[in-house]
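Asks: The following block contains a protein sequence and its predicted model.
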Amino acid sequence: MTEDRIKVWDLPVRLCHWSFAVLVPALWWTAENSEMGWHMRLGVLLLALLVFRILWGFFGSSTARFSSFLKGPGKVFAYFRGATKMQPATIGHNPAGGWSAVLLLGAMLLQVFFGLFSGDPFDGATGPLNHVVGVMTAGAMTDRHEFFFNIVLALVALHLLAIVFYAVVKRDRLVPPMVTGSRKMPAGVAGMVGVPAWRALVCAAIAAALAYWVWSGAPGL
């Protein structure tokens, strides 16, 4: 069977993916080493990337859109039933991977949300929206922010285990396509359908504006 190299992931998806891979450990390191100024800057940057990725999930290329990989329970269960069998490689996320990606995005977004309101002003380390909530609420947000990071780590670990599983059991290497944006597929398989670059610029502008507003303390809130 002949194969063609086709486009699978666009540049915005790949940049977001690898940025998440760098930011999560960087946020952990800055928190553990009391570099709270950098911790908050990186947290707001993560917020901007998450907002961009969510917008791109509606207006981006075909494989970036949630509608292309969020499948119903029947298709997800059917995929799991054949999980250990050799199956044709998919374009973009498979039914299980799609929900896994959304779950990880949601977990990171919730972790950032807790962080925005957390902190103690008497310690000099507070999230940019700490001033809009009371002391009790800020304390609760701080506790949740610290605890929920364990959930994020568990989901990241599950993500890494899935990558190893696909490489070893299914002989499907997921990392190279996320680096190059392309992969070999049987001849005739259609690749990713792109969109105009201005859409990425608009989504990036909206995400940056929201992040700046939050970093500024959400004036007017």
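Replies: Looks like it arrived, so ask away. As the structure is a computational prediction, the values presented were derived from the model and not from experiment.
Asks: contacts, neighbours, all on C-alpha from now
Replies: Noted.
Asks: What about residue 49, how many residues nearby?
Replies: Under the neighbour criterion other Cα atoms under 10 Å, residue 49 is assigned a count of 23.
Asks: Which pLDDT value goes with the closest residue in space to it that isn't next to it in sequence?
Replies: Closest residue to residue 49 apart from its sequence neighbours, by Cα to Cα, 6 or more residues apart in numbering: residue 16 at 6.4 Å. In this model, residue 16 is scored at 97, pLDDT.
Asks: how about the residue positioned nearest the centre of the chain, what does it touch?
Replies: In the chain, the C-alpha nearest the mean C-alpha coordinate belongs to residue 105, at 4.0 Å (Cα atoms, centre = their mean). Contacts for residue 105 (Cα atoms under 8 Å, 6 or more residues apart in numbering) come out as residue 50.
Asks: The helix or strand of the chain with the lowest mean pLDDT packs against which elements?
Replies: Every helix and strand of the chain was ranked by mean pLDDT, DSSP states H and E. The lowest is helix 73-81, at a mean of 80. Packing partners of helix 73-81 (3 or more Cα pairs under 8 Å, 6 or more residues apart in numbering; DSSP states H and E): helix 95-117.
Asks: list the buried ones in the helix it packs on?
Replies: Buried residues in helix 95-117, defined by neighbour count with 16 or more other Cα atoms under 10 Å: 95-102, 104-105, 107-117.
Asks: cool, and stretch 144-157?
Replies: Neighbour counts over stretch 144-157 (16+ other Cα under 10 Å) mark 144, 145, 148, 149, 152, 153, 155, 156 as buried.
Asks: quick one: the closest residue to residue 99 other than its chain neighbours from residue 96, how far?
Replies: Distances taken as Cα to Cα, 6+ apart put residue 70 closest to residue 99, at 6.2 Å, once the chain neighbours are dropped. According to Cα to Cα, to the nearest Å, residue 70 and residue 96 sit 9 Å apart.
Asks: One more: residue 109?
Replies: Using Cα to Cα, residue 109 is found at 20 Å from residue 96.
Asks: I figured residue 2 hits residue 187, correct?
Replies: Yes - shown here, residue 2 and residue 187 form a contact pair, counting by Cα atoms under 8 Å, at 5.7 Å.
Asks: Neighbour count: these two, which is higher?
Replies: Each of residue 2 and residue 187 has its neighbours counted (other Cα under 10 Å); residue 187 has more, 12 against 8.
Asks: Next up, phi/psi of that one, please.
Replies: For residue 187, the backbone dihedrals are phi -60, psi 140 (criterion: degrees, to the nearest 10).
Asks: And the pLDDT at it?
Replies: Looking at residue 187, its pLDDT stands at 78.
Asks: ditto for residue 99
Replies: On pLDDT, residue 99 comes in at 91.
Asks: Which of the helices or strands spans residue 25?
Replies: Per DSSP states H and E, residue 25 falls inside helix 11-32.
Asks: now do residue 166
Replies: helix 135-168.
Asks: helix or strand right after that helix?
Replies: Using DSSP H and E, the helix or strand that follows helix 135-168 towards the C-terminus is helix 175-180.
Asks: tell me what the helix or strand just after that next one is packed against?
Replies: Beyond helix 175-180 in the direction of the C-terminus, DSSP H and E gives the next helix or strand as strand 182-186. The elements that strand 182-186 packs onto, with contact taken as 3+ Cα pairs under 8 Å, 6+ apart, are strand 3-7.
Asks: The strand it packs on: which residues count as buried?
Replies: Buried residues in strand 3-7 (16+ other Cα under 10 Å): 6, 7.
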